[in-house]
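K.L.:
Okay, here's the prediction I keep looking at, along with the sequence it came from:
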Amino acid sequence: MSAVLEIVSPGAMASIQDLGRNGLRKVGVPRAGALAAGWLRLANALLGNEEDAPAIEFFAGGLLVRALEAPLRLALAGHFSAELRTADEYRRVDSWRSVTLAPGDTLRCTALADGRLGYLALAGIRVAQQLGSASTDARAALGGLDGRLLAPGARLTAAACSGDEMMLKASPAADASPIRVVLGPQDDYFDEASIARLLSEAYQVSSAADRMGVRLEGRPLRHRPEKGVEITSDATVPGSIQVPGQGQPIVLLADGQTAGGYPKIATVISADLPRLAVMAPGQTLHFAAVSVAAAELAARAHEAALRALIAGIGPLAEPGAIDLKAIYDANLVSGVVDAQVR
Amino acid sequence: MSVRILDCGDTALTVEFGDGVDRRLLAAVAALDQALAGLVARGELCGVVETVPTFRSLTVIYDPLRTTRGEIEPTIRAAIGPPAAASVAHGRRWQLPVCYGDQSAACGPDLDDLAAACGLTPAEVVGLHSKATYDVYMLGFLPGFPFMGDLPAVLSRPRRSEPRLRVPAGSVATAGTLTAIYPSASPGGWHLIGACPVPLFSATWPQAALLLPGDRVSFRAVEHAEYRALLGELAAARTSPRPPEWLLLDGAAER
């Protein structure tokens, strides 16, 4: 028997994402996929799904869903809680756990306490792949449901659920440390003062932040006059930090263009890009430079930390055994930037 | 040709053959891309996810959990051969309709400004832009986005210093020595001089992208009414199994 999840309201913006599509950057198709892949994998792991199964990525809260036809199980990842309405009760559900909805029950994801996005995974979700992935690329009209963002009334089919509710033993720890970058490929387009500025001053996430990239605001970076503000277009990657003529950096994300003509002063390392991608407009960050070898080690450490979190998934504890809310609140106190999978 | 290896974080490196748009560089990029595809097929470059050829460089994307820069860089360096004899194969010839700088700002809002910057009238810009024949050099930036050149030298101007947050799909644009058509709406920093009603990308087509590297493209200026009519006529091509091949000038060079 299959279950159906109806999107009553997608909130600010919601889309189906998995780990993205590879191999098509040469015809200009970006990877797409979850901006915080670790959170998507955690949400899927809480349900016994394949870690790379598609799930709903949503921005800024307000996502409202309803179960139809059969009980279905969801899992929540991100810094938010949700309100569950059943026929005879109304209760709050914290993130980093699974929750089962009976037909007719609704779940509303509240405003995010920190950051700008969260994940809602669905046990046994079924979404067709297009060009190798179910990820929505709304600009290219690929993936998801008809290549579009989730709209009110959209329906997802899933397996009917059974078994224990699961939870993370420990929610991802907060990390307010600087976002690490590897300088290049076009750091030679900037004078030493600008490189020093990038690595020492605070940058604020502007309101121009979407799945393509995040524009930052800070003291402008200056291109060397003899090099200019343009390059012959070359390839970009998620994490590329482009600097257009006005000097404010743009960090490219999963839906970012595959090539571009602005010099790229540095690249955010893969271990830290999700931490930057989930930051909300107005939040501030610092950058720090590392070597390629250090960045590769960080990628492995990041993966090991995620594996440890997944290994720590267990049955939902009795009330009082672990106070998720206390952990959650502690993150808010210590998390200047946000809490993050480490 | 001095080759440099550039850092792109922990998931990519770029082999840069030079700067600028140059057929010699294009040929060197294509040769390395082909050589690396062979190595990947033979299992000699484990962890390489994909390559991205551009005008002047090849970016190699890898999975830092499966390999390291230290493991793959020597193999990639060894595959960089002497510059191949520059011969960019010519592909198909397309003629695409364009509505230039119509009063409705949706079609080329920057035409007048670009004309002024070039010391020309808008009609002269349209004449120069539509009479030239362009080579498709590479795809990138957006799905199916064709970087085409070369623009008549008098039309060459740098990109806008402040990119637009939203350029409409179909916008015909110029920057530097290049021209392009935006296949889908996107932020962008090029000068918008017209609008083309032809879809450039569809997952239902055999190669997803309409224009491929090596194709040649010219433009036919159309009035706004014809542009509107073509938009309606071409809408079905987005979901059809074949791209709108009636826009080909000749059926030669089957790919």
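P.N.:
Received it, and whenever you're ready, just let me know what you need.
K.L.:
doesn't A:V251 make contact with A:V214?
P.N.:
Yes. Distance between A:V214 and A:V251: 4.9 Å, which falls inside the contact criterion (CB atoms under 8 Å). Every C-beta, even on glycine, is put in place using the N, C-alpha and C of the backbone.
K.L.:
Find residues that contact each of these two.
P.N.:
A:L276 (CB atoms under 8 Å, 6 or more residues apart in numbering or on different chains).
K.L.:
Run through the strands of the stretch 151-300 of chain A in chain order.
P.N.:
With strands called from DSSP state E, counting those that start in this stretch, the stretch 151-300 of chain A shows them at A:155-159, A:166-168, A:179-183, A:203-209, A:213-217, A:234-235, A:240-242, A:250-252, A:259-260, A:264-268, A:284-285, A:287-289.
K.L.:
for the ones you listed, which one sits closest to B:F145?
P.N.:
strand A:259-260 (8.1 Å; CB to CB).
K.L.:
ok, the closest one: who's next to it in the sheet?
P.N.:
strand A:234-235 (antiparallel) (DSSP bridges).
K.L.:
now the strand it pairs with, how far from the centre of its chain.
P.N.:
Here strand A:234-235 is found 24 Å from its chain centre; the criterion is CA atoms, centre = their mean, to the nearest Å.
K.L.:
now what about that strand, what contacts it?
P.N.:
Everything outside strand A:234-235 that qualifies as a contact, by CB under 8 Å, 6+ apart, is A:25, A:185, A:258-260, B:8, B:12, B:14, B:16, B:52, B:54-57, B:59, B:140.
K.L.:
Please repeat the previous calculation with a cut-off of 10 Å.
P.N.:
A:25-26, A:185-186, A:257-261, A:264, B:6, B:8, B:12, B:14, B:16, B:19, B:51-61, B:138, B:140-141 (CB atoms under 10 Å, 6 or more residues apart in numbering or on different chains).
K.L.:
With only the CA atoms kept, save stretch B:74-83 in PDB.
P.N.:
Extracted in PDB, the C-alpha atoms of stretch B:74-83 (Å, rounded to 0.1, in the frame of the first residue of the first chain):
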ATOM      1  CA  PRO B  74      50.900  13.700 -12.000                       C
ATOM      2  CA  THR B  75      48.700  11.600 -14.300                       C
ATOM      3  CA  ILE B  76      46.900  14.700 -15.600                       C
ATOM      4  CA  ARG B  77      50.200  16.500 -16.100                       C
ATOM      5  CA  ALA B  78      51.600  13.500 -18.000                       C
ATOM      6  CA  ALA B  79      48.600  13.600 -20.300                       C
ATOM      7  CA  ILE B  80      49.200  17.200 -21.400                       C
ATOM      8  CA  GLY B  81      50.600  16.700 -24.900                       C
ATOM      9  CA  PRO B  82      52.200  19.200 -27.300                       C
ATOM     10  CA  PRO B  83      49.600  21.500 -28.700                       C
END
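K.L.:
Format the strands of the stretch 151-300 of chain A as JSON lines; extra columns: mean neighbour count.
P.N.:
Below are the strands of the stretch 151-300 of chain A laid out as JSON lines (neighbours: other CB atoms under 10 Å in any protein chain shown):
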{"stretch": "strand A:155-159", "mean neighbour count": "18"}
{"stretch": "strand A:166-168", "mean neighbour count": "21"}
{"stretch": "strand A:179-183", "mean neighbour count": "24"}
{"stretch": "strand A:203-209", "mean neighbour count": "17"}
{"stretch": "strand A:213-217", "mean neighbour count": "23"}
{"stretch": "strand A:234-235", "mean neighbour count": "27"}
{"stretch": "strand A:240-242", "mean neighbour count": "26"}
{"stretch": "strand A:250-252", "mean neighbour count": "25"}
{"stretch": "strand A:259-260", "mean neighbour count": "24"}
{"stretch": "strand A:264-268", "mean neighbour count": "28"}
{"stretch": "strand A:284-285", "mean neighbour count": "19"}
{"stretch": "strand A:287-289", "mean neighbour count": "19"}
